[in-house]
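Quick one: sequence and predicted model below, then my questions.
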Amino acid sequence: MSTGYILANDAFRDWLNILRNEFTVIGPVLKKRGPIVFEEIQDAGDLHLDYCSTMLGPRKFIYPPTQRLFRIDNQNHRVTTIEPADAGNAVIFAVRPCDMQAISVLDRTFLGDIEDFYYRKLREETLTVVLNCNRACDAGFCESMGAGPFLRLEDGYDLEMTSMGENYLIEIGSRRGEGLIEKAVHRKEAASGDYETKDDLQRKAIASFTKHLETAGLPELLMRNLDHPVYRETAEARCLGCTNCTMVCPTCYCYDIEDDMSFDLTVTERRRHWDSCQELHFARVHGGNFRSSREARLRQFVTHKLATWVEQYGCFGCVGCGRCMTWCPTGIDLTEMAKRIQQDFETGRARWWAYS
Amino acid sequence: MGTGKRIGIFKYSSCAGCQFQLFYFQHYVLETIQAVDIVYCKMLQSGGEEDGPFDLALIEGAITEQWQADQLKRIRERSELLAPIGSCAVCGGVPAIKNTAHELDAQRRVYEDISVVHSLKAHPVDHYVRVDGYVRGCPPGVRDLAELVKSLLLNKTPRFLDYSVCVECKLEEAICVLVAYQEPCMGPVTNAGCGALCPSRGRACYGCWGPMKDANAKALADRFERMGLGREEIYRRFTEFGEPTVEWKPGQVKP
Amino acid sequence: MSEPQHIEVEYLARVEGEAGFRIVLDSQPDIELRIFEPPRFFEGFLVGRKYHEVGDIVSRICGICPVSHMTTAIQAIEKAMGIQVSEQTVLLRKIFSLSQIAASHLIHLYMLAMPDYYGFPGVVQMIPGHKPHLDRLIRMKEAMNGLTALIGGRALHPVTNVPGGFTHIPRPEDFASVLKEIKAIRKDAEQAVRDIAALEVPDFHSDSVYVALYDETEYATNQGRIVSTSGLDISVDQYPDFFVESQVHYAYAKQTVLEGGTPIMVGALARLNIKFDKLQQKTRDLAADVGFAVPDCNPFHNNLAQALEVFDAIERCIQLIESHAFRDEEFKVEIRGGEGGSATEAPRGLLYHWYCIDRRGVVEKANLVTPTSHNFLNIEKDLKQLVAENRKQDREAIRLLCEKTVRAYDPCFSCSVH
Amino acid sequence: MNPLEPRRALVREKIQENRETYSLTLSLADHDHFSYRPGQFNMLGLPGMGEAPFSFSSLHLERGRFTHTIREAGSLTRSICQLAAGDILSIRGPYGNEWPLEKAKGRHLIIVGGGIGIAPLRPVIRHALGNGEEYGRLYFLLGARTEDDLLFREEFEKLTAGRDGTLLMTVDRGEKKELSHIREGLVTALLDEIDVDPEESITFTCGPELMMRFVARQLIQMGQDPYDIFVSMERRMKCGIAHCGHCQIGAMYVCKDGPIFPYGDIKRFADTML
């Protein structure tokens, strides 16, 4: 068992303010008109810990929507790398377990065989403090996806927090995390009773889920039913092609690269920005588009998150955060699409044939 | 002066706001003016070479009179590239609202003697001639205008924004007024470029950038109906910016 | 007997919208200001639209004064539907309008009018020798557009102004940063007044009736009584009883005159002639310094009047913003039928909108009268007088003089036809 | 190291192949190390115009030089084709996998190319002809819209001179009357002229996906194993390193797992024409 500490709520706030002297402290903040957004906090009191899920996950600090890559001299084509805006040793507080899982999923893309320079730097400079969920959120099914409601990761994060009413249990996930908690003045070591309380909270949290998805055999089933009518029907009746699902998805990694040249045509800035498989242009090539139908694009989203991701990276691309269905203007729910195929299979209407 | 790229700017039935937007270009206005030769633009300068030839002709406004259509065809012949700028020229814009009424009724409400009026139904530029891209917006966005000018200078095919307003709205992390407040927001079917101006300022998008390509208007109209919006209200939403285009037509079911 | 000679300008450059004119050079010169800007029939297609769409739709009448159309329409609809707005809304709309008046004047002064005086076809050709002018224009315009955009979301066809109030109130820190920009252009605005005053304009006296909105307490923008130099003093509600709109065969724009057929002039010069004393002391001092005094009946001085208004608007925006702590407001609109009109001072002068709304909130009737429609007959009157006074000059000089005159009025043909 | 950072390449030589296709021979400008295998590709780019993937059309490095054969299709390709000897462009790569020449050893080799798809097959054809003893019979079946589009035709004719039946060519429509050895029609019709057992053969094909589909289906009907048919896929790519997501076909990244796939492995996924 890792060493854990207990911090009373007041001590927690003091600790945050101490950290602010040394780090850029980021956390969920309640904004005008109601949204809760991850941003730098000016005071510990800004932190809004009682939240379910933000629109964009903390991914945006490690893999920003727009990243400036290079400055290119148009005359001699010399390239200068633009360092990612210095995160200045940021600490992101209250990362939900599903979002932490999502970052570890992104790691598999950007820190795999070939490492992305920018992602590597921001990931290294950013510390993550996970806050376990004591209850399920409305659209969430992280429990089914093995991503919550309490942290399931072995590593890749720095600290894990559990809110226990009057105080927090804080457990160490990394050496750097240990360095953070050592700055807390009024910490005391957790006793075994504290871990029992945590287990109890976790059990209650798991029991609070109303949404589930059976994942056993799901990837194979989906891949054997690529032409299931649920895709066409949903695409026609409900999918607006707005790409909200992929914008808010914490594991989506696709990007586009764009060159912007100065008006005097001497310097080019090469940038990348998030792209979405739900956009019409995404699979366009000269003379055609391999996913010109909305049906094909919707199928790409569902089968990638719940099937082909497993073949690519050995994990699901869905962490069960529920954002895609929450922010879909017509409430398209990928678990319901998956369930329909599962039900059709059980009643003999879906296929289970070889797909090679 | 400049690169010698010859630009002609023509105004048809519109508010002239697109041309002003070119001047609202602020940071870029000097660069642009010096990088190209504006050989025809009535609002900017007297004289000018109306008959081109042009490397790029920019067309502002909807076509509502026969002489405009005739001149437009001549411009097309004399232009290497031709692009409609702004919603009126791209999708009919506000002038096309009159297409939803009986033509003569609309005219009679304005003039006692309509014998001097020679107005056609309002159509976008591509109704009459082939176009080489669309600079969307009401007013058009700085990003797409800059892309257009630079692409011209580079001999490159411009890449205009072609996704929905929702993309920009999500990046703003604005609360979705459709999902959270059940407001009939046109964002999901409207082309991006404004920076999700309305939703991030507390109101539903009213579609001023016109249809996004491949918009699913029917599905959004159905969504509005499920929210309790009347058929007439839905019809108005889908006709404020754009005569029936393929993309929004399924939402324009007359009550 | 020889045919009377004609001067014909088919398509007048450097004005907003499309028009030309035809002059018959005779002992009794005949003038037709041919406004061929194609009609879009706003009053026709507004019928059947919902009350909340009207502001967004009518802002598209004009790309240079969208704030004026939007605000006037919304005020008229609020009147028709009995909607009360907060003091903060009134104040914000005032700043909103002032910022746009300044930006619009700047465009007219530097891009449309100034090339006439330097002898260039347009502003582009002025760049090599007169770049400081253009830099000044861009600095000032950027600051004033920035203020309009801060309040409205964007400077052109703004979005936050709706019946009942504003959907979004900028944060104090955003006001502060824009305020910094505006304070930085005070000197530019003063220089602009001096530059415009230094231009040599034709010596011309036009015997005109000037009309403007008047308010006892301030330099009226969005509210007040309608007042003329001929003694008219009415409330906005009485507008239809005292102004007459009629169609002419050679223009898509209508001519609007006072009851009895008197042509009028509206706009910056008219406003100064009527309420010079409501300008700020600083502005009045500057006017005196450059030799401007009311009454001034030379329409070419409309440009100087505009420059003075820019200066005044900047000062007033600064004061108004600094005098108020802006906060978020909630408002709710109840749909109700009724009729109502509103008049405001658009950059080019008196603008009037009137609507009849049914109980579902749908427009039944609409009437819009624009500044250029008000000025239409007066422009023709001035042209006639000018041609008569300059009959001896060569045709080219007469043509140029006439073009200058029309431009001095800063006509907006897009607005006038709508 | 930043994998998205391009290196600089110099245009050494440019040859016009037909009215819209050019072969550019390049070398790295800054004397960096470089090596590649046939079938792989480079991301070529120009500032302001972006980058796009291009296969090698040369067999191996010669004096540090390699060749890409490019058809003018969009602004980037047009600009690259307008470069002249001495000009600079940016390069990242090589990326992707290679034609499985090892697997083909001791078997008959059937190569089917269509249009610009002939270019990536050129190094394989040259390799096979230079190492004829390693393979059984060789078949080079090439198709194009017109004779002008038959890339490297003279080169292939010269290399295969005296080897009857090795090089078979077809065009959609002939322009000249004396089409002695060039047929008219679809490239699949050329498969009928093969007189070896497809079960003992291996096939490499590159061209429009629809063409590859008909080629593969016909070969399978003729008895070839779907895993002995190798197709070279083309998709939109932004990174070349399996990050940007654009080139995914099901679970496969064309840039990393491909561009060359066994037909049996790639056709199980949606969104291809295979």
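Sure thing, it's come through.

quick one: low-confidence ranges for the stretch 51-200 of chain C?
For the stretch 51-200 of chain C, no stretch is flagged by pLDDT under 70.

which bits of it sit near chain A?
Residues of the stretch 51-200 of chain C lying close to chain A by CB under 8 Å from any CB of the partner chain: none are found. Backbone N, C-alpha and C define where each C-beta goes, glycine included.

Do a quick rundown of the helices in chain B.
Per DSSP state H, chain B carries helices over the ranges B:17-24, B:29-35, B:66-77, B:87-91, B:103-108, B:142-154, B:165-172, B:177-181, B:217-226, B:231-239.

dump the residue contacts of the most centrally placed residue in chain D.
Nearest to the geometric centre of chain D sits D:P120, at 1.9 Å (CA atoms, centre = their mean). Applying CB atoms under 8 Å, 6 or more residues apart in numbering or on different chains to D:P120 gives the contacts D:P38, D:G39, D:F41, D:S55, D:F56, D:S57, D:C206, D:S232.

so which of these is the most crowded?
Of all those, the highest neighbour tally under other CB atoms under 10 Å in any protein chain shown goes to D:C206, namely 29 neighbours.

Number of residues surrounding A:A191?
Count around A:A191 with other CB under 10 Å applied: 11.

Need the nearest residue in space to it, chain neighbours excluded.
Leaving aside its chain neighbours, A:A191 sits nearest to A:I6 (7.9 Å; criterion: CB to CB, 6 or more residues apart in numbering or on different chains).

which residues does that neighbour form a beta bridge with?
Assessed by DSSP bridges, A:I6 has beta-bridge partners A:L169, A:K188.

thought it was touching A:E171?
No - A:I6 lies out of contact with A:E171 (CB atoms under 8 Å); the separation is 10.6 Å.

Need the overlap of contacts for the two.
In terms of CB under 8 Å, 6+ apart, A:I6 and A:E171 are both contacted by the residues A:A190.

How about the contacts made by C:P263?
If you count contacts by CB under 8 Å, 6+ apart, C:P263 has them with C:S208, C:V209, C:V257, C:L377, C:N378, C:E380, C:K381.

Spell out the secondary structure type for the closest residue to it other than its chain neighbours.
The spatial neighbour of C:P263 that comes closest, neighbours along the chain excluded (CB to CB, 6+ apart), is C:L377 at 3.8 Å. Assigned by DSSP: H, G, I helix; E, B strand; the rest coil, the conformation of C:L377 is helix.

Report pLDDT for C:L377.
C:L377 is assigned 95 on the pLDDT scale.

what about it, neighbour count?
That count, for C:L377 with other CB under 10 Å as the rule, works out to 20.

Now, the contacts of C:P263 that are in strands?
Judged by DSSP state E, the contacts of C:P263 include C:V209, C:V257 as members of strands.

For the contacts of C:P263, which two are the farthest from each other?
Farthest apart among the contacts of C:P263 by CB to CB are C:V209 and C:E380. That separation is 14.6 Å.

and chain D, which residues reach chain B?
Taking CB under 8 Å from any CB as the contact definition, chain D meets chain B at D:G48, D:M49, D:G74, D:S75, D:L76, D:R78, D:S79.

Name the residue of the stretch 151-255 of chain B that lies nearest to chain D.
With CB to the nearest CB, the shortest gap between the stretch 151-255 of chain B and chain D falls at B:K156, namely 4.2 Å.

wouldn't that residue be in contact with D:L46 here?
No - taking CB under 8 Å as the definition, B:K156 is not a contact partner of D:L46, at 9.5 Å.

quick one, helices of the stretch 251-356 of chain A?
Remark: helices assigned in the stretch 251-356 of chain A by DSSP state H, counting those that start in this stretch are A:294-303, A:309-313, A:323-326, A:334-346.

Name the residues of the stretch 101-250 of chain B found near chain C, please.
Proximity of the stretch 101-250 of chain B to chain C is confined to B:101, B:105-113, B:116-117, B:119, B:122, B:138-139, B:194, B:197-198, B:201-203, B:206, B:208, B:233, B:236, B:240 under the rule CB under 8 Å from any CB.

measure A:L240 to A:C328 for me?
8 Å (CB to CB, to the nearest Å).

okay, those two: which has more neighbours?
Neighbour count, other CB under 10 Å: between A:L240 and A:C328, A:L240 has more, with 28 against 22.

And for C:S177, the neighbour number?
Neighbours of C:S177 under the rule other CB under 10 Å: 12.

Quick check: bridge partners of D:Y95?
Beta-bridge partners, per DSSP bridges, of D:Y95: D:F41.

pLDDT (mean, whole number) over stretch B:62-81?
The pLDDT scores in stretch B:62-81 average 96.

Now that stretch: buried residues?
B:62-65, B:68-69, B:71-72, B:75-76, B:78-79, B:81 (16 or more other CB atoms under 10 Å in any protein chain shown).

Considering those residues, which is situated nearest to A:R59?
Distances from A:R59 to these, taken by CB to CB, are shortest for B:L81, at 39.7 Å.

Would you check that that closest one makes contact with B:L56?
Yes - the pair B:L81 and B:L56 qualifies as a contact (CB under 8 Å) at a distance of 4.7 Å.

Give me the common contacts of these two.
With CB under 8 Å, 6+ apart as the test, B:L81 and B:L56 both reach B:L152.

So which residues on chain B come close to chain D?
Applying CB under 8 Å from any CB, we find that chain B lies next to chain D at B:K150, B:L154, B:N155, B:K156, B:T157.

are any of those residues buried, and which?
Neighbour-count burial (16+ other CB under 10 Å) is assigned, among these, to B:K150, B:L154, B:K156.

for those residues, which one is nearest C:A305?
Distance to C:A305 across those (CB to CB) is lowest for B:K150, with 40.1 Å.

Next up, phi/psi of A:D73, please.
With angles defined as degrees, to the nearest 10, A:D73 sits at phi -80, psi 120.

what's near enough to touch the residue nearest to it when sequence neighbours are not counted?
Distances taken as CB to CB, 6+ apart place A:V267 nearest to A:D73, at 6.5 Å, with adjacent residues excluded. Taking CB under 8 Å, 6+ apart, we find A:V267 in contact with A:R71, A:I72, A:D73, A:N74, A:M261.

Check the spacing between the fourth one and chain C real quick.
The reference is to A:N74. Per CB to the nearest CB, to the nearest Å, A:N74 is found 25 Å from chain C.

same check, this time on the last one
Between A:M261 and chain C the computed distance is 22 Å (CB to the nearest CB).

bridging residues for A:P28?
Residues in beta-bridge contact with A:P28 (DSSP bridges): A:F38.

Ignore what I typed, I meant C:E8.
Beta-bridge partners recorded for C:E8 (DSSP bridges): C:R22.

quick one, domains of chain D?
As given by automatic domain parsing, the domain ranges for chain D are D:7-95, D:101-266.

okay, the ones you listed in JSON lines with mean pLDDT next?
JSON lines is the format used below for the domains of chain D (pLDDT from 0 to 100):
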{"stretch": "domain D:7-95", "mean pLDDT": "95"}
{"stretch": "domain D:101-266", "mean pLDDT": "92"}
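
out of the ones you listed, nearest to C:L401?
If you check each of those against C:L401 by CB to CB, domain D:7-95 wins as the nearest, at 48.6 Å.

May I have the distance across the closest one, first residue to last?
With CA to CA, to the nearest Å as the measure, domain D:7-95 spans 14 Å from end to end.

re earlier: how close does the residue nearest to A:D73 sit to chain B?
Taken as CB to the nearest CB, the span from A:V267 to chain B is 12 Å.
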